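[1] I need the structure of the sequence given here:
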Amino acid sequence: AVPGGEYDDAFMIKYARMHGGIIVSNDKYADYVHQAGATGEGDRSAAAEWLRHCRLSYTFCGDDFIPNPAFDVKAAFDHSEGSKHTNSDPFSL
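    Predicted structure coming up:
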């Protein structure tokens, strides 16, 4: 759980990046990308680039979960940093 009043997107994205994961969401995280540039600590284009490659959108058809068939697993892997990411700034990409 994220501490009350904290920005949950930053925690989730930071965790995914630290562990070489992807985000399964239909949220495009425009507020996160905007915040990344607004802090002066991050880079909007880097944030947008990572999300473009590492966010898996999906839909449901009845009870069936259908991930985006256009999702490029190789591109996600190529943009994943895994445990190499050590910067403590949650907006730093």
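[2] going forward, measure contacts between C-alpha atoms and count neighbours the same way
    OK.
[3] What is the neighbour count of residue 17?
    23 (other CA atoms under 10 Å).
[4] Ok, the one 3 residues further on next?
    Residue crowding around residue 20 was assessed by other CA under 10 Å; the count is 19.
[5] so it makes contact with residue 73?
    No. The pair residue 20 / residue 73 is not scored as a contact, 11.8 Å apart, by CA atoms under 8 Å.
[6] Touching the helix or strand residue 74 falls within from outside, list them.
    Secondary structure from DSSP states H and E places residue 74 in helix 73-79. Residues outside helix 73-79 that contact it (CA atoms under 8 Å, 6 or more residues apart in numbering): 20, 22, 50, 53-54.
[7] same thing but 6 Å
    Contacting residues not belonging to helix 73-79 are listed as 53-54 [CA atoms under 6 Å, 6 or more residues apart in numbering].
[8] cool, and stretch 48-55?
    Outside of stretch 48-55, the residues within contact range by CA under 6 Å, 6+ apart are 22-24, 75-76.
[9] So which of those residues wins on neighbours?
    Ranked by neighbour count (other CA under 10 Å), these have residue 22 at the top, with 22 neighbours.
[10] circling back to that earlier point, just the buried positions in the helix holding residue 74, please.
    The neighbour-count check on helix 73-79 (16 or more other CA atoms under 10 Å) flags 76, 79 as buried.
[11] Mean confidence (pLDDT) on that helix, please.
    Helix 73-79 comes out with an average pLDDT of 89.
[12] swap in stretch 20-33?
    94.
[13] coming back round to it: between the contacts of stretch 48-55, which sits nearest residue 66?
    Minimum distance to residue 66 across the contacts of stretch 48-55 is 11.3 Å, recorded for residue 24 (CA to CA).
[14] Give me the neighbour count for the residue lying closest to the closest one once chain neighbours are set aside.
    Leaving aside its sequence neighbours, residue 24 sits nearest to residue 56 (CA to CA, 6 or more residues apart in numbering; 4.7 Å). For residue 56, the count of nearby residues is 22 (other CA under 10 Å).
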